[in-house]
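**Q** here's a sequence, model it:
(chains A and B)
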Amino acid sequence: MSLLGLATFRHGVHPDEHKEATEDLRIERMPFVRSYVLPLGQHGGKPAKPVVRVGQSVLRGELIAAADGFVSTCLHAPVDGRVTAIDRRRHPNGALVEAIEIEADAFSPQTVREGEPLDVDVMPREQFVAEVQRAGLVGLGGAAFPAHVKYALPEGRKVRELVINGCECEPYLTCDHRTMVERPAAVVRGVRILARQLGVERSTIGVEANKPDAVEVLRAAIGDDPQVRVVPLEVKYPQGAEKMLIKAIFGVEVPAGKLPLDIEMVVNNVGTMASLADWFDRRVPLIERVVTVAGPGIERPANLLVPVGTPVGEVLRQAGGLSQDTREVVMGGPMMGQSLASLDVPVLKGTSGLLAFTAQETAHPNEYACLKCGRCLDACANFLNPSRLARLSKAGRHAELEQAFVMDCMECGACSFACPSNIPIVQLIRASKSAIRSRRARS
Amino acid sequence: MSARHPLVVQTAPFLHAALSTPRLMREVALAAVPVLAAATWFFGITALLVVGAATLGAVGAERTFGPRSATLPRGRSLRDFSAVLTGILLGLTLPPGIPLWMAFVGGAVSICLGKLVWGGLGHNLFNPALVGRAFLQAAFPTTLTAWVPHTNGDELLVLRSSTFAWPLMQAHIDGLTAATPLARLKFEGHTEAWDALLLGNISGSLGETSAIVLIVCGLVLVWRRAFDWRIPAAILLTVAVVSGVLWGIDSTRYGSPLFMLLSGGLLFGTVFMATDPVSSPATPRGAWIFGIGVGVLVVLIRVWGGLPEGVMYAILLMNAATPLIERIAQPRPFGRGRTT
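**A** Numbering: from 1, shown residues only, chains lettered A, B, ... in the order given. The predicted structure follows:
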């Protein structure tokens, strides 16, 4: 508990929120553009398998690639149009990956085809999981892990608490905020569907206290249902991390190396809940998502409802384009996102934001020696010793790094944010972790 | 849409807290200004000269011997402001009558032996300013323990002849010398009035005499989160408890806890020396162990040691123990070791 009396986890940082530019802007629909690129691997797990041919016409919402195995999910056409290529295209992370390219039908009204609602109340668990996979649903909080995987409980496992993440602790981003404010009924409906299927008695939506309007409308949408509650949380990064959110609400720690499910909890993002409701009530798969376009380099910041596969450049153009002094474009939040080398890459299912930064934010600050001031220790929500991990990483001492629990690091970047000597702590740790992982894979 | 410039590609996080290391150093140096002002009031303009000479020695050594490479021109390391801070802090630990050349040498030794030989800022085991002072105390024991009386602003502009002793010449501390309160307790069995200790009109090292100024500066630094509050808290609590027990046993032989807290270099060392992050443990539990160790050693040296004062050696000894403390006092990682 903090001094304000609001629940939170321990440690963490307080970056400036920078949400004022977009938090009160209604979600606008991104106009349809000429062509779309849909990488088959939109998510963690195995890429989907194409079920369309080049030249084939597709309808908006039609399946274009099917899940390949269990940890994989489906992909749908975001527009009426024609498949123009199934080939390698640039992924936002820089790699060349298999993707389906669709040219939009310029004469189509691009209406969404809705279907009859599914009766989830009588649906067996296996069918529910298969339906979620058919919807192409992934976690919309950023990690984009296939959503149905979390819902397929292993034999004998049960879920006690359903936790819904409405923290949006990354600065600048307001897509979840706007989704909660503008679609509270869909969010709550998604929560109820999932709660019923998982057999939980109580669901908790955690919302940071800088979104009082979201708390209010969600509570109104819930009404007097005792099974769903909204808990306002102190504003702190990285509260949206699953384990930190659970710690904030329930005060318990998910054991290191374990999942929330191991303590009978499931955590989901609010946007995922709205999309879940869209599939079961309207039969609309995940073909578009809300993207916050903001940052000092953006002329007209906005919350846009963007079809998956829209080129980043087109989205930025819709937001008034980049200012003259833009130096860097980031996909995702400023704490955990990735900077783009090219604007000719598509928006993915997991794209929560597009941020443009100018020379002022991208200036590389001087790095000074580590003073062991301890600010990174106070920042680390995982209670590691980032200063020591950075030092060991520089020396390449992998055995000691593993003993110091480097693999527990969730790479939230709070340490690098806090370091007064500007040491790229999380970057060093990330490199060590990947070196350790590849050595483990070899042996 | 194409960018007008090639895009920069960096890795997250893309945001950064405003606080920087040079700013942190400057804040601590700024907090030392009221201490320097008090020193000037009680010991005259020589206080400024001594601190200036020590700072000049430190900065000169950093500029001459500091790290440099193809990408790092000579003197660049001065920008982190740590050499200036070391010089100021060393100067404030010196006796008012010390010759300027000794203060200068002390500043240079602080940087060279206290910091650079270890690999520069962040790598030193000991507090650099205290290394410089320990060197001076070993090299010039009589000068370092000759205390001139305080003057309370009466002789603000009077210069002492010892201040300007020729380099390599032993200083003749002119006039009367006055014992510090701790020396009087140790050798004469007499304790000072607490109001004098609080205000600072007693003899002692330049920066250590005025308890009230040090307490205020320390609180400001804690409020600014310039250092880990646990270290000063642990030191002061330990000194109070240990000396309180001794005082309870025999109040005629041992000083009261209040006397022990306010006298000598304890407050100065606690606020400005023990809290040096480089030479103290970074982990919260480590900070407690470190502070308790310093507190116990201070009382041990003061009560049973040959010297009247022991703050410097107490801190240096605990500096040496810091890597060991950090080994046993790492934080407990989230989700490990405790049942949920």
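**Q** from here on, just use CA atoms for contacts and neighbour counts.
**A** OK.
**Q** so what pLDDT did residue 337 get?
**A** Just so you know, I chose chain A. Each residue has a pLDDT score; the one for A:Gly337 is 95.
**Q** hmm, I had chain B in mind actually
**A** Looking at B:Gly337, the pLDDT reads 77.
**Q** does it count as helix, strand or coil?
**A** Secondary structure, DSSP: H, G, I helix; E, B strand; the rest coil: B:Gly337 is coil.
**Q** number of nearby residues for it?
**A** 10 (other Cα atoms under 10 Å in any protein chain shown).
**Q** run a quick neighbour tally on B:Phe65.
**A** B:Phe65: 16 neighbours (other Cα under 10 Å).
**Q** please state the backbone phi and psi of it?
**A** Dihedral angles of B:Phe65 (phi, psi; degrees, to the nearest 10) stand at phi -110, psi 0.
**Q** residue contacts, it?
**A** Residues in contact with B:Phe65 (Cα atoms under 8 Å, 6 or more residues apart in numbering or on different chains) are B:Cys112, B:Leu116.
**Q** now do 7 Å
**A** Contacts for B:Phe65 were tallied using Cα atoms under 7 Å, 6 or more residues apart in numbering or on different chains; there are none.
**Q** distance of it from chain A?
**A** According to Cα to the nearest Cα, to the nearest Å, B:Phe65 and chain A sit 17 Å apart.
**Q** what pLDDT is listed against that residue?
**A** For B:Phe65, pLDDT reads 92.
**Q** one more: B:Phe164?
**A** pLDDT, B:Phe164: 79.
**Q** could you measure it against B:Val50, distance?
**A** Per Cα to Cα, to the nearest Å, B:Phe164 is found 10 Å from B:Val50.
**Q** so those two - more neighbours on which side?
**A** B:Val50 (29 against 16).
**Q** helix/strand/coil for A:Glu168?
**A** coil.
**Q** surely it is in contact with A:Gly240?
**A** Yes: taking contacts as Cα atoms under 7 Å, A:Glu168 lies within contact range of A:Gly240: 6.2 Å.
**Q** what do B:Phe164 and B:Val50 both touch?
**A** Going by Cα under 7 Å, 6+ apart, residues that sit against B:Phe164 and also against B:Val50 are B:Leu100.
**Q** grab the longest helix from the chain for me.
**A** Looking at chain A here, since you left the chain open. When chain A is parsed with DSSP state H, its longest helix is helix A:425-442.
**Q** if you could check chain B rather than the one you did, that'd help
**A** Max-length helix for chain B by DSSP H is helix B:21-43.
**Q** how close does the residue of the stretch 51-200 of chain B at minimum distance from chain A sit to A:Leu40?
**A** Residue of the stretch 51-200 of chain B nearest chain A, by Cα to the nearest Cα: B:Gly122 (4.9 Å). B:Gly122 sits 48 Å away from A:Leu40, going by Cα to Cα.
**Q** for chain A, what helix or strand is lowest in average pLDDT?
**A** Between all helices and strands in chain A, the lowest mean by mean pLDDT, DSSP states H and E belongs to helix A:359-362, at a mean of 87.
**Q** now do the buried residues in that one.
**A** A:Glu361, A:Thr362 (16 or more other Cα atoms under 10 Å in any protein chain shown).
**Q** chain B contacts on the stretch 1-150 of chain A?
**A** Within reach of chain B by Cα under 7 Å from any Cα of the partner chain, the stretch 1-150 of chain A has these residues: A:Pro15.
**Q** please apply the same query to the stretch 201-350 of chain A.
**A** Near chain B, when you scan the stretch 201-350 of chain A using Cα under 7 Å from any Cα, you find A:252-256, A:313-314, A:317, A:324, A:327-328, A:334-341, A:343.
**Q** what about the helix or strand encompassing A:Val129, distance to the chain center?
**A** If you go by DSSP states H and E, A:Val129 is part of helix A:125-134. Chain-centre distance of helix A:125-134: 21 Å, with Cα atoms, centre = their mean, to the nearest Å.
**Q** export it as CSV, just CAs?
**A** The C-alpha trace of helix A:125-134 is given here as CSV (Å, rounded to 0.1, in the frame of the first residue of the first chain):
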residue,chain,number,x,y,z
ARG,A,125,-14.2,-25.6,-22.7
GLU,A,126,-12.5,-27.3,-25.7
GLN,A,127,-14.8,-25.6,-28.1
PHE,A,128,-14.4,-22.2,-26.4
VAL,A,129,-10.6,-22.5,-26.7
ALA,A,130,-10.9,-23.5,-30.4
GLU,A,131,-13.2,-20.5,-31.0
VAL,A,132,-10.7,-18.1,-29.4
GLN,A,133,-8.0,-19.5,-31.6
ARG,A,134,-10.3,-19.1,-34.7
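**Q** give me the buried positions along it.
**A** Buried, per 16+ other Cα under 10 Å, within helix A:125-134: A:Phe128, A:Val129, A:Ala130, A:Glu131, A:Val132, A:Gln133, A:Arg134.
**Q** tell me the one among the residues you listed nearest to A:Tyr151.
**A** Checking those against A:Tyr151 by Cα to Cα gives A:Val129 as the nearest, at 6.4 Å.
**Q** for the closest one, give me its contacts.
**A** Contacts of A:Val129 (Cα under 7 Å, 6+ apart): A:His148, A:Tyr151, A:Ala152.
**Q** let's see if you can find the most crowded of those.
**A** Neighbour max across these (other Cα under 10 Å) = A:His148, 24 neighbours.
**Q** tell me the contacts of the nearest residue to A:Phe9 once chain neighbours are set aside?
**A** Spatial nearest neighbour of A:Phe9, excluding adjacent residues (Cα to Cα, 6 or more residues apart in numbering or on different chains): A:Ala248 at 4.4 Å. Contacts of A:Ala248 were listed using Cα under 7 Å, 6+ apart, and they are A:Ala7, A:Thr8, A:Phe9.
**Q** and A:Ala248, how far is that from A:Val207?
**A** From A:Ala248 to A:Val207 the distance is 11 Å (Cα to Cα).
**Q** hmm, back to that, who has more neighbours, A:Glu168 and A:Gly240?
**A** More neighbours surround A:Glu168 than the other of A:Glu168 and A:Gly240, with 29 against 24 (other Cα under 10 Å).
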